[in-house]
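*Asks:* A predicted structure for the sequence below; I have some questions about it.
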Amino acid sequence: MKEKREVIALYFFLLMITAAVWTAGRYYPGQTSLAVATVPAGPQEQTAVPETKASLNASGAGAPELKLTRDIKGIPILMYHNISPDPSTGSIGHRMEPDTFERQMRYLKEHGYHTVDLGAVLDFYQKGAAIPEKPIVITLDDGYQGNYHYAFPVLKKYGFTATIFVVTNIVGGQNDFDIKAGLKPPTRMLTWEQIKEMDAAGITIGCHTLDHAHLSKVSPAEARRQIVESKKVLEQVLGREVQYFCYPYGEYNAYIRQVLKECGFRAAVTVNPLLVTGIKDPLQLNRIGIPGYMEDEEFASRILGP
């Protein structure tokens, strides 16, 4: 009799277990057992992601959505020179610490600015083409080594582009035009290999004469040679048309502009520190200087224009 009672008790116990399992499956879909063994996760197979060359026109991680517009107050064209941590490579006015340059580029990215080239500025004002909201142009004069070692990586990091104006006769050398005038210490300049690499990555290369000449002070024949020959050299090296020019020392006159026009330059930048709000003459585009000693608040104010 005792054995019979034990069998009956076992039967009811198993019946309870079965009911519990059925209830769990009904009210907790996907769980069909009361106890689930936990298995440590093993190493996951990694799918290799092929490396691609960074595009300077890419929006970048976390970048604001690109929106086009035909209604803006004006476009700032910024003028930089040497980006370098070495104080022996130039005066603080023309040399900027890499940390400062990155801080300014980060500010532009976080505040929704989009870098464009000079061609986009011309197309916007001359042809009514759409342009990204909050457009801005970044330019660097002369072609210092720091443009490659310090500015270029920051531009790639934030998905920005820029225009570098090159003095062709001192490529691979040093800033002879400054040294002879006693203005700045010797500073290494970009090599042709570095220039070609940046050009291939989306940096626009512009013309800044053969020797950084005072175009309004040399003879007309020498001024023409400085412009024509420097453009020819750049185009031979890059294998493409060079469309943009920068006046050394900001000096020019009607004759110089006529030579640029005859050479087929599409635009030239000055040192007139204003926004571009329209184009009466594409060979006299305003440009805002950004010296190395500029405080963050002043930078934020200056790019908005007067």
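*Replies:* Noted; the coordinates are in hand.

*Asks:* Can you tell me the SS state at Gly305?
*Replies:* The three-state label given to Gly305 by DSSP: H, G, I helix; E, B strand; the rest coil is coil.

*Asks:* Quick check: the gap between it and Tyr125.
*Replies:* 15 Å (C-beta to C-beta, to the nearest Å). Backbone N, C-alpha and C define where each C-beta goes, glycine included.

*Asks:* Give me the residue ranges of the stretch 1-150 of the chain where confidence is low.
*Replies:* Low-confidence segments of the stretch 1-150 of the chain, defined by pLDDT under 70: 1-66, 68-71.

*Asks:* what does the stretch 201-306 of the chain give?
*Replies:* Low-confidence segments of the stretch 201-306 of the chain (pLDDT under 70): none present.

*Asks:* The nearest residue to Lys217 once chain neighbours are set aside and Ala221, how far apart?
*Replies:* The spatially closest residue to Lys217, leaving aside those adjacent along the chain, is Glu251, at 7.2 Å (C-beta to C-beta, 6 or more residues apart in numbering). With distances taken as C-beta to C-beta, Glu251 is found 17 Å from Ala221.

*Asks:* what comes up buried for the helix or strand harbouring Asp123?
*Replies:* Per DSSP states H and E, Asp123 falls inside helix 118-127. For helix 118-127, the neighbour count (16 or more other C-beta atoms under 10 Å) marks Leu118, Ala120, Val121, Leu122, Phe124, Tyr125 as buried.

*Asks:* and the last one, what does it touch?
*Replies:* Shown here is Tyr125, whose contacts under the criterion C-beta atoms under 8 Å, 6 or more residues apart in numbering are Val276, Gly278, Ile279.

*Asks:* change it to 10 Å
*Replies:* Listed by C-beta atoms under 10 Å, 6 or more residues apart in numbering, the contact partners of Tyr125 are Ile75, Ile131, Val276, Thr277, Gly278, Ile279, Lys280, Pro282.
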